[in-house]
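[1] Predicted model and sequence below, questions to follow.
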Amino acid sequence: MKNLALSILFTLGIFALGNVAVSAQMMRSDNPMVGGAAMYKTKDIVDNAVNSADHTTLVAAVKAAGLVGTLKSKGPFTVFAPTNAAFDKLPAGTVEMLVKPENKATLTKILTYHVVAGNMDSKAIAKAIKNGGGKARLATVSGGTLWASMRGGDLILTDEKGGTATVTIADVRQSNGVIHVIDSVVLPN
């Protein structure tokens, strides 16, 4: 009976170690999952985003604004990518109004406000926050400013209107930059 108990404990220990190894391997994955799809660092921002079930609104908006070519270019770009749920927080009818051809300039300004030139992973942003005494100024492609700061362990963006977004998935590497998934749409003045 004692040998059976030891055998069971040994088997459970091997199983647990195997799960730890698999979990550690998944955490090191070069292709993290976003919106139910693997994000391949060998693909560009657009080619990855179109596969994320959480970013269908963002992809539709990028297409409506005519920014597909830009976000497929060499870059590098840092994109703060709002989820569908982030767009759902906007007042009813906002997205439908923005994707109309007559509102392309406004939509483009909002979308490019979510983009920073360069490849700023979370370490680079954290360093900028530290160097800025707790706040980092990020110049957006639209010509606006986002402010990055930390709240506990969360990376927070503050827009020009005082709204905030939290980075929910950081450092999703792309062939032409990096994506940080955010839980709210940030808005320029």
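    That came in fine, so what should we check first?
[2] Double-check that Val178 belongs to a helix.
    No - applying DSSP: H, G, I helix; E, B strand; the rest coil, one finds Val178 to be strand, outside a helix.
[3] so it touches Thr78, yeah?
    Yes - here Val178 reaches Thr78: they are 5.5 Å apart, a contact under Cβ atoms under 8 Å. (Glycine included, C-beta is placed from N, CA and C.)
[4] overlap in contacts of the two?
    Asn119, Met120 (Cβ atoms under 8 Å, 6 or more residues apart in numbering).
[5] Can you check which strand is longest in this protein?
    strand 164-174 (DSSP state E).
[6] Does Tyr40 touch Pro32 like I think?
    No - if you go by Cβ under 8 Å, Tyr40 and Pro32 don't touch, sitting 9.8 Å apart.
[7] Phe77 and Val95: what is the separation?
    22 Å (Cβ to Cβ, to the nearest Å).
[8] which one of these two has more residues nearby?
    For Phe77 versus Val95, the count of surrounding residues by other Cβ atoms under 10 Å is larger for Phe77: 24 against 19.
[9] where's that one relative to Lys123, distance?
    17 Å.
[10] phi, psi of Glu102?
    The phi/psi pair for Glu102 (degrees, to the nearest 10) reads phi -70, psi -10.
[11] Which residues does stretch 123-130 contact?
    By Cβ under 8 Å, 6+ apart, stretch 123-130 touches Met120, Lys135, Ala136, Leu138, Ala148, Ser149, Met150, Leu155.
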